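[1] the sequence isn't on hand, but the structure is:
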Ligand SMILES: [Zn+2]
Ligand SMILES: [Zn+2]
């Protein structure tokens, strides 16, 4: 039997659409108790991947389940629209290499292209989601690029400004030279580090006033060498002066052997503190930019240029694991270097621009790209002579741009931040240190002792949220404890226009709404009006500086894209336009997203924005799940050739098997996705399909029970009805806790283990036309199938619908998705006892069958007795249950022995009678197979011809009545000429040959 998932699903999609089933569902629940779900926006930048189907399955399962429970819902899908994701793809489309290409093309045309791309892919993702079976109010999806969303963020930023959280800071930040923008700490995830081999260099710096004495220093980023300001040592570490090849080198004592290997000797050892203050010269001292900094530094006191300095352990710890124990300090080109420089008052030399090209004043390097031509510095040092000690390839984990995968550099730049630890004095003179590192010494001021900092508010909110899995809370708290201030600006084009107006007098203001901007505008409003609040149109507007009255334009920066998604608990819930509506739907019950990254990104931005606007957690439960990988456990990549496209998978395998795979996966572990896995899933689902087919083969629609309730009498019926109700209860219990995997596994175990393997197998005969118990059997299996369809409807909406449509009678709702969640009235103590007894039966059966198998006695061969030695047995006095054991084990008698515990003894001595019965059953089985081969239906009657030896003929004659009944034959003919047109078959019973032929009676 097989079921064509994709074909059936496409039919069901049509059915849902034609009958407006989703609309009817919303009407049914409208105005009832609400269940508030918030969709994390999918980036509308590419077709949907199979990994997106994981989260979308969860979202749909929960929404469908709570709809069956009668909850009113919003069903709003979200699209994330702004930011580098989209920009980089549009740049690729247009063949652009740098930001200059965008400017030449025109920002307005470029932004228009970005909007178009979002339009294209949001439409495509909508169709793909519909195909997956996801029910959403697609016409009403939210877009983070909407005016509403952007202005909502303005409001948030204004609040930050008023509370003193927003400030401009100067810091050394990770920078993507291709995208030409800072990359915030939040955006550098573990997976953004790549194993890269760079040329590392040991270089030697001659110490002034000490002939032939050098500082030996090591770096893995030679491009930063022109920016060298100082060499740092650890005051407490031992440093050795090493004699080697007629020169003398200072290195950490513990590293001497590793560096020099042999033929060296240690002349003397001192503590690091004794080296502090030594002056040195370097190969770049003649470059104009370097000369200038050296000159200016010499004016101030103390002059620390090209000096050995003591490090600060908390900023830049020095180890003796690798390198030389002397650390190259380039204040402009490293985060720790910058911090140390700030602490010690070191000067800095900016060496690269926003595209990582060396700046003017750097001699022959000017105009060359530092990252693309890493050799130029090494070649220069080599040509100059006397600087290089050794060049070694070095493999390390190096951060790359999350968007374009370019290796990052560090630059010192002005960017805008949201402070986590207090409010800021915003003045023109000096900008505070953006890292909470030394907040006591910085210019941060605490609001007042009673008020919480943002970091504290976020921590409180995190504590109050139910995290699934539980370790999510620890991860978020850990991030909150260690994160820097939030860098929110980007020097890009397509994104939230930061509403910051910074005047050259040092004053800056933040505008909180379109109306406010309209009132404050003194220039450019007419060029902006009618456009979305994006670049370039918003940039035309100028306001009057409150301090110096000069016209001020907006800063050119756009916002970090996580601002866009973080505001949605407010923007999409009408926080500004309909507070009653917002209050109804806020806080949100659950969000559900893949967690790698989201602790630093979406989860974080949701918390920040709610903390600033309402100082409370916006969500009750945050449900996270892992990643989708290929069947070998490797990341899927287009370039690797192991990526599977959503459209291919869905039309090849179907939505239901995909949903089932995701639903039953453990959310804390990566899902291994592939066609082999999906085939496994399909095989499992076909067990259920076979039960369903069995029912429809035996039962006509006219025989369906009059109502869908069950009043079981037979012990098997009572049991499976109890099991069904038990399942309904378990599924609801787990879905209420958002445990979708446990739900799916319980359903699978139910239809596989209970329904198929036991109930249907033990009940087959009761479905035959002439069985007096037939109606009760039909009533029961009908009940089981109908409720299975309902319970699995949230997870497998298509197959559940198919089952339901085939079972539906006139008085029932027109779709399974319009049904209420079933009640579980038979789920009581009496039935629990029965379930336990049935477990006993099945245990005994399994033991007995295992023993038969061990003794090579076929199950069709009846045996005389089994003796059960177990005084704790519950089924001893339940004859109908014992009957099941007899039947299944094919044993004549069950004996009990209370004396010894837990043993099962089979009496396998075969009398002639038992042996003969076994042979007859063997023959019946062979004839049943023959009937199937001849494609006869179970109800077809036949005539049969036998040719066999005399003993067998006698035996058949003796069992004639039984035989005819079992094989549905009218009569049989022995030892006669077979009708020549009939196909003959040879079978062996107890090693004796029988030839037989059958013919259907017309
Ligand atoms: Zn980039
Ligand atoms: Zn001003």
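    Perfect, thanks for sending it. Just so it is clear, the model here is predicted, and its values are computed rather than measured. Numbers count the residues shown, from 1 in each chain. Ligands and ions are numbered 1, 2, ... in the order given.

[2] going forward, measure contacts and count neighbours with C-alpha atoms only.
    OK.

[3] so which bits of the stretch 401-550 of the chain are right by ligand 1?
    401, 404 (C-alpha under 5 Å from the ion).

[4] what sits against the closest residue to ligand 1 within the stretch 401-550 of the chain?
    Nearest to ligand 1 in the stretch 401-550 of the chain, going by C-alpha to the ion, is residue 404, at a distance of 4.2 Å. Shown in contact with residue 404 (C-alpha atoms under 8 Å, 6 or more residues apart in numbering): 88, 178, 179.

[5] and it, how far from ligand 2?
    38 Å (C-alpha to the ion, to the nearest Å).

[6] just confirm that residue is within a strand.
    No - secondary structure of residue 404 (DSSP: H, G, I helix; E, B strand; the rest coil): coil, not part of a strand.

[7] so for residue 908, what pLDDT did the model give?
    Residue 908 is assigned 76 on the pLDDT scale.

[8] please apply the same query to residue 448.
    Value for residue 448, per-residue pLDDT: 42.

[9] and the one 5 residues further on, by the same measure?
    pLDDT, the model's per-residue confidence, is 91 for residue 453.

[10] that older thread, dump the contacts of residue 404 to TSV, plus distance to ligand 1 and neighbour count.
    Output for the contacts of residue 404, formatted as TSV (distance: C-alpha to the ion, whole Å; neighbours: other C-alpha atoms under 10 Å):
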residue	distance to ligand 1	neighbour count
88	8	19
178	5	19
179	4	23
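
[11] so which of those belong to strands?
    Taking DSSP state E as the definition of strands, the contacts of residue 404 contribute nothing to them.

[12] can you tell me which of these is nearest residue 941?
    residue 88 (72.0 Å; C-alpha to C-alpha).

[13] the closest one touches residue 403, doesn't it?
    Yes - the criterion here is C-alpha atoms under 8 Å, and residue 88 meets it with residue 403 at 7.4 Å.

[14] what's the average pLDDT for stretch 963-978?
    Here the average pLDDT along stretch 963-978 is 85.

[15] measure it end to end?
    19 Å (C-alpha to C-alpha, to the nearest Å).

[16] give me the buried positions along it.
    Judged by neighbour count (16 or more other C-alpha atoms under 10 Å), stretch 963-978 contains these buried residues: 963, 964, 967, 968, 969, 978.

[17] name the nearest residue to the fourth one, sequence neighbours excluded.
    Counting by C-alpha to C-alpha, 6 or more residues apart in numbering, residue 941 is the residue found nearest to residue 968 once chain neighbours are left out, at 5.3 Å.

[18] quick one: residue 930 and residue 944, what's the gap?
    For residue 930, the distance to residue 944 - C-alpha to C-alpha - is 11 Å.

[19] wait, a strand at residue 151?
    No - looking at residue 151 with three-state DSSP, it is helix, so not inside a strand.

[20] and for it, the neighbour number?
    Using other C-alpha atoms under 10 Å, residue 151 has 23 neighbouring residues.

[21] ignoring the adjacent residues along the chain, who's closest to it?
    The nearest residue in space to residue 151 (C-alpha to C-alpha, 6+ apart) is residue 513, at 5.7 Å.

[22] sec struct for the residue of the stretch 751-900 of the chain found nearest ligand 1, please.
    With C-alpha to the ion as the measure, residue 795 is the residue of the stretch 751-900 of the chain nearest to ligand 1, at 39.0 Å. Assigned by three-state DSSP, the conformation of residue 795 is coil.

[23] quick one: contacts for it?
    So residue 795 contacts 57, 60, 61, 656, 659, 660, 663, 744 (C-alpha under 8 Å, 6+ apart).

[24] now swap in residue 967 and tell me
    Counted by C-alpha under 8 Å, 6+ apart, residue 967 has contacts 924, 927, 928.

[25] would you agree the first one is in contact with residue 968?
    No - with contact defined as C-alpha under 8 Å, residue 924 does not count as touching residue 968 (10.3 Å).

[26] next, the residue nearest the centre of the chain: phi, psi?
    By C-alpha atoms, centre = their mean, the mean C-alpha position of the chain lies nearest to residue 594, the distance being 3.0 Å. Recorded main-chain torsions at residue 594 are phi -70, psi 130, according to degrees, to the nearest 10.

[27] run a quick neighbour tally on the closest residue in space to it that isn't next to it in sequence.
    If the residues on either side of it in the chain are set aside, residue 594 comes closest to residue 625, at 4.6 Å by C-alpha to C-alpha, 6+ apart. By other C-alpha under 10 Å, the residues close to residue 625 number 23.

[28] so what does residue 625 look like in phi/psi?
    Dihedral angles (degrees, to the nearest 10) for residue 625: phi -140, psi 160.

[29] distance of it from ligand 2?
    49 Å.

[30] check residue 47 too.
    Residue 47 is 47 Å from ligand 2, by C-alpha to the ion.

[31] just checking, that residue touches residue 125?
    Yes - between residue 47 and residue 125 there is a contact under C-alpha under 8 Å: 6.0 Å.

[32] my guess is residue 114 contacts residue 495. True?
    No - at 9.8 Å, residue 114 does not count as touching residue 495 under the criterion of C-alpha under 8 Å.

[33] which of those two has more neighbours?
    residue 495 (28 against 25).

[34] ok, back up a step: what is the neighbour count of the residue nearest to residue 151?
    18.

[35] what about it, distance to ligand 2?
    21 Å.

[36] quick one, what contacts that residue?
    151, 152, 154, 155.

[37] picking that back up, and which of the contacts of residue 967 is nearest ligand 2?
    Distance to ligand 2 across the contacts of residue 967 (C-alpha to the ion) is lowest for residue 928, with 96.4 Å.

[38] mind telling me what element that closest one is part of?
    helix 912-933 (DSSP states H and E).

[39] quick one on the thing from earlier: tally of neighbours for the residue nearest to residue 968?
    So residue 941, with other C-alpha under 10 Å, has 18 neighbours.

[40] same check, this time on residue 713
    Counted with other C-alpha under 10 Å, residue 713 comes out at 13.

[41] ignoring the adjacent residues along the chain, who's closest to it?
    residue 776 (7.8 Å).

[42] and the one you found, helix, strand or coil?
    Applying three-state DSSP: residue 776 is helix.

[43] same question, the one 5 residues further on
    Recorded secondary structure, residue 781: helix (three-state DSSP).

[44] skipping its backbone neighbours, what lies nearest it in space?
    Closest residue in space to residue 781, ignoring its immediate chain neighbours: residue 695 at 7.6 Å, by C-alpha to C-alpha, 6+ apart.

[45] how about residue 34?
    Per C-alpha to C-alpha, 6+ apart, closest to residue 34 is residue 72, 4.6 Å.

[46] picking that back up, return the residues in contact with the residue nearest to residue 713.
    So residue 776 contacts 712, 713, 714 (C-alpha under 8 Å, 6+ apart).

[47] wait, a helix at the second one?
    No - looking at residue 713 with three-state DSSP, it is coil, so not inside a helix.

[48] residue 274 and ligand 1, how far apart?
    The value you get for residue 274 to ligand 1, if C-alpha to the ion is used, is 44 Å.

[49] distance check, residue 461 against residue 480.
    11 Å.

[50] likewise residue 38?
    Applying C-alpha to C-alpha, the value for residue 38 to residue 480 is 23 Å.

[51] many thanks, I have nothing further to ask.
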